[in-house]
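Q: sequence unavailable; structure follows:
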């Protein structure tokens, strides 16, 4: 199935994909599914190879579990999807064993999109190295053997630079579309500057030093400093720099570092509210927290302003981009040859005022409506993030942040991600027919709120399985998961008396009690 082309209209995006062959690593996942759907239904691509462990049976089984029957039929009947049995964690040809298939791929593929990512937020940094960092390097090395390669995309995260939040004093942290270093001395407390003076050689040298430390000690000095939200976000930051260090041919003219913010349920395609539970951080974190067996949840924020300013939740913006709009941005940037870091965010139109993003309080209230009536919703409270966390960065203290504490700091933080590349593409590089086919953002706050309310069914499912979903999302379902992720439970009795969870985290049922994350 392909879109009917308008003979009287020249469309650079559609023209670019005519006859193209792509390899999508991680194509069976949330964003990968949205990208494959859009390419199949709206372009004349020649073929899409989808790398997935287990090959054809695994791919169609996964897609059948969360796509509608008519959409499965559309994808199958298009004959444009070719599953490839492989594994990005395999350093040898990313697990592809067929010599004939490798020859075919190298002679036909001109676009490689690497979306592979293990999202478990409580994995240790050492584990993340083997599941996220090394596979990204393997895929990049594999891509260098493609003589017709014109685009290589590495899916990073806008939160790869979350460390900037604690390196200055502002309410909202501005993050540019550049590759940042990790050294605190490179930034101003008042406002982190664009590190334009830093050389590629400097970034490469520090990246290689950190990677070597990770091998020998299982961690790195920047991560141990406690300023990154999770091992996963730090791993993205390190991987960006390693790709530029090790694969300069990709970096100069081929490499796009695609940085989505929090990817959320689809606004329109493949169908409204399309979501894979466990792949949407906001749904997972809030639905689990709001259904916790306690009366209140305290989150860290810099928004603990004067009482007259209203609840802090009204000052904390959530940057959640619907997966279909995220896919549209990626597809358009590939066609226009964008290179370097590119933010894919909810407020692409937020060059406009007012900011169309929703506040945490709005999400919280909507999710609270999904809590079963027999259960009392959890109240949301706030602590000053600087009072709790900043000493970890700026003192000689040996305090370390547990992974759950890091993770929930996302919800109390506000980031403003620069989106100049996407804004310029929309305004200057896309025709009207392309803007209709590949919309970049919601019509406005009303559409976003409406979409949020449509998510209630999925939210109830998330709440019904809340803690199991959290276990899977953050990796607590493995051996010793609770112990490695949540820290000491010594303070349980004291804090349960007041019915309040100790700051900045959630609770996870373990046996008969509640284990609380603490600073250990």
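A: Thanks, I have the structure now. Computed from a predicted structure; not experimentally measured.
Q: all contacts plus neighbour counts: C-alpha atoms, from now on.
A: Noted.
Q: surely residue 318 and residue 414 touch.
A: Yes. Counting by C-alpha atoms under 8 Å, residue 318 touches residue 414, with 7.0 Å between them.
Q: what residues are shared contacts of the two?
A: By C-alpha atoms under 8 Å, 6 or more residues apart in numbering, residue 318 and residue 414 have no common neighbours.
Q: next, the buried residues of the longest helix anywhere in the chain.
A: Criterion DSSP state H: the longest helix present in the chain is helix 200-217. In terms of neighbour count (16 or more other C-alpha atoms under 10 Å), helix 200-217 has its buried residues at 203, 204, 206, 207, 208, 210, 211, 214.
Q: give me the contact list for stretch 97-105.
A: Stretch 97-105 is contacted from outside by 86, 96, using C-alpha under 8 Å, 6+ apart.
Q: return the set of buried residues in that stretch.
A: Buried residues in stretch 97-105 (16+ other C-alpha under 10 Å): residue 105.
Q: so who does residue 208 touch?
A: 242, 245.
Q: what about it, distance to residue 215?
A: According to C-alpha to C-alpha, to the nearest Å, residue 208 and residue 215 sit 11 Å apart.
Q: can I assume residue 204 is in contact with residue 239?
A: No. Between residue 204 and residue 239 no contact is recorded; they are 10.7 Å apart, counting by C-alpha under 8 Å.
Q: in the stretch 51-200 of the chain, which spans are strands?
A: Here the stretch 51-200 of the chain has its strands, by DSSP state E, counting those that start in this stretch, at 81-85, 111-114, 151-155, 172-175.
Q: CSV for those, including mean neighbour count?
A: Below are those laid out as CSV (neighbours: other C-alpha atoms under 10 Å):
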stretch, mean neighbour count
strand 81-85, 20
strand 111-114, 25
strand 151-155, 24
strand 172-175, 20
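Q: can you redo those as JSON lines with distance to residue 257?
A: Shown next, in JSON lines, are the strands of the stretch 51-200 of the chain (distance: least, C-alpha to C-alpha, whole Å):
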{"stretch": "strand 81-85", "distance to residue 257": "24"}
{"stretch": "strand 111-114", "distance to residue 257": "10"}
{"stretch": "strand 151-155", "distance to residue 257": "5"}
{"stretch": "strand 172-175", "distance to residue 257": "14"}
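Q: for beta bridges, what are the partners of residue 85?
A: residue 52 (DSSP bridges).
Q: that one and residue 58 touch, don't they?
A: No. Residue 85 is beyond contact range of residue 58, at 9.0 Å (criterion: C-alpha under 8 Å).
Q: what residues do those two have in common as contacts?
A: residue 52.
Q: quick one, helices of the stretch 151-300 of the chain?
A: Here the stretch 151-300 of the chain has its helices, by DSSP state H, counting those that start in this stretch, at 200-217, 221-224, 231-246, 248-253, 281-290.
Q: which other helices and strands contact the last one?
A: In terms of contacts (3 or more C-alpha pairs under 8 Å, 6 or more residues apart in numbering; DSSP states H and E), helix 281-290 is packed against strand 262-264, helix 360-368, helix 456-464, helix 466-474.
Q: for the second one, name the packing helices and strands.
A: Packed against helix 360-368, as judged by 3+ C-alpha pairs under 8 Å, 6+ apart, are the following elements: helix 281-290, helix 445-454.
Q: most packed of those?
A: Comparing the helices and strands packed on helix 360-368 by mean neighbour count (mean count of other C-alpha atoms under 10 Å), helix 281-290 ranks first with a mean of 24.
Q: show me the shaky parts of the stretch 51-200 of the chain.
A: 119-122, 166-171, 183-200 (pLDDT under 70).
Q: sorry, back to before: to residue 16, which of the helices and strands packed on helix 360-368 lies closest?
A: Each of these has some distance to residue 16 by C-alpha to C-alpha; the shortest is helix 445-454, at 30.9 Å.
Q: quick one: that closest one to helix 360-368, angle?
A: For helix 445-454 against helix 360-368, the angle between stretch directions is 30 degrees (axes from the mean of the first three to the mean of the last three C-alpha atoms, to 10 degrees).
Q: just checking, what packs against helix 445-454?
A: By 3+ C-alpha pairs under 8 Å, 6+ apart, helix 445-454 packs against strand 358-359, helix 360-368.
Q: if we use 10 Å, what do you get?
A: Counting contacts by 3 or more C-alpha pairs under 10 Å, 6 or more residues apart in numbering; DSSP states H and E, helix 445-454 packs against strand 320-322, strand 358-359, helix 360-368.
Q: overlap in contacts of residue 204 and residue 239?
A: Residues touching both residue 204 and residue 239 by C-alpha atoms under 10 Å, 6 or more residues apart in numbering: residue 245.
Q: strands of the stretch 301-450 of the chain, start to end?
A: Using DSSP E, counting those that start in this stretch, strands in the stretch 301-450 of the chain cover 317-318, 320-322, 340-344, 358-359, 379-384, 414-417.
Q: for residue 225, what are phi and psi?
A: Phi and psi for residue 225, reported as degrees, to the nearest 10, are phi -70, psi -20.
Q: which residue, other than its chain neighbours, is closest to residue 124?
A: Nearest non-adjacent residue to residue 124, counting by C-alpha to C-alpha, 6 or more residues apart in numbering: residue 231, 6.5 Å away.
Q: sorry, wrong one. I was asking about residue 35.
A: Once flanking residues are discounted, residue 35 sits nearest to residue 327: 5.2 Å by C-alpha to C-alpha, 6+ apart.
Q: doesn't residue 32 make contact with that neighbour?
A: Yes. With contact defined as C-alpha atoms under 10 Å, residue 327 and residue 32 form a contacting pair (8.1 Å).
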